[in-house]
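Asks: Pasting the sequence and the predicted coordinates here, then a few questions.
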Amino acid sequence: MNRIAVFILIILSSCGKKEATEKNRIQGKDSVVQNIEIHTQQEEDTVSIPFSQSLKENGYVYKLKGLESSNGAINFKCINIFYRNKLHQKIIFDTVSVLNEREVVFNVDKDANFDGFNDVELINWAGNYAYSSSFWLYNQKTKKYDYYKPMDTIQNIKIDAGKREITSDYHIGPANTYSKTYQWKNGKLLMMSAYIEEEGELIRMYRKNGRIIIE
């Protein structure tokens, strides 16, 4: 009976040592993973440097903030708008980037909706032959800027204050060309006409009595 008891004690002792060894191995593994994560985070922090561009217009100071990577690409983070040295509005975004500083389009001197107040423009996409911008329109009541998403996809946008219209001219490849005009109606931007040439076929579109006619 004593031999059996001793044998059981030996087995329990062996199991305890194995559990301790396994626990130490797991802790060691977690420590290695943690060190790798810390090292990776430190590398990410050092490969990017702060990017900033400032504009002064309309009685405000606009500061575009972002991170510039080692290859020159810039990820925009926010636009801080200051009035009399105090933060008036913060526009945040984290999905907008350009390949280099030459592609940055950041303007605060255009009246995109022809209401007499300038608006904020920031590029949201750049291609080989075209680009598009996001716009924040000045709100006279709140004295802040409201994001107007429908303008996001208008390529090579041109704002014609004389005609009070917005135009877009671009091409895809050597043969396909697009020319569109937009006007504001009751606070909404509507496409009024379009001339599209695709693979040698010409399509004409225009708005009549609130409807789009295609010819």
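Replies: Yep, that arrived. Everything numeric in this text was worked out from a predicted model, so none of it was measured.
Asks: For stretch 63-79, buried residues please.
Replies: Within stretch 63-79, the residues scored as buried using 16 or more other Cβ atoms under 10 Å are 63, 64, 65, 66, 67, 68, 73, 74, 75, 76, 77, 79. For glycine as for every other residue, the C-beta is placed from the backbone atoms N, C-alpha and C.
Asks: name the element the fifth one belongs to?
Replies: Spelled out, it's residue 67. Secondary structure from DSSP states H and E places residue 67 in strand 60-68.
Asks: The following helix or strand past that strand pairs with which strands?
Replies: The helix or strand immediately downstream of strand 60-68 is strand 74-83, counting by DSSP H and E. Strands that pair with strand 74-83, judged by DSSP bridges, come out as strand 60-68 (antiparallel), strand 86-98 (antiparallel).
Asks: Looking at the buried residues of stretch 63-79, which one is closest to residue 178?
Replies: Nearest to residue 178 among the buried residues of stretch 63-79: residue 76, at 26.8 Å, using Cβ to Cβ.
Asks: What spatial separation is found between the residue nearest the centre of the chain and residue 184?
Replies: For the chain, the residue nearest the mean C-alpha position is residue 96 (2.2 Å; Cα atoms, centre = their mean). Distance of residue 96 to residue 184, given as Cβ to Cβ, to the nearest Å: 25 Å.
Asks: swap in residue 121?
Replies: Separation of residue 121 from residue 184 (Cβ to Cβ): 16 Å.
Asks: neighbour-wise, which of the two wins?
Replies: Taking other Cβ atoms under 10 Å, residue 121 and residue 184 do not tie; residue 121 has more neighbours (20 against 15).
Asks: give me every residue that touches the more buried one.
Replies: Residue 121 is in contact with 105, 106, 107, 108, 110, 112, 133, 134, 135, counting by Cβ atoms under 8 Å, 6 or more residues apart in numbering.
Asks: Just grab the bridge partners of it for me.
Replies: Per DSSP bridges, the residues bridged to residue 121 are residue 107, residue 135.
Asks: any idea which of the strands paired with strand 74-83 scores lowest on pLDDT?
Replies: When those are ranked by mean pLDDT, strand 86-98 comes last with a mean of 92.
Asks: outside of that strand, which residues touch it?
Replies: 60, 73-82, 104, 120, 122-124, 126, 134, 136, 143-145, 147.
Asks: Skip ahead from the worst-scoring helix or strand of the chain on mean pLDDT and say which helix or strand is next.
Replies: Ranked by mean pLDDT, DSSP states H and E, the weakest helix or strand in the chain is helix 2-47, scoring a mean of 50. Beyond helix 2-47 in the direction of the C-terminus, DSSP H and E gives the next helix or strand as strand 49-57.
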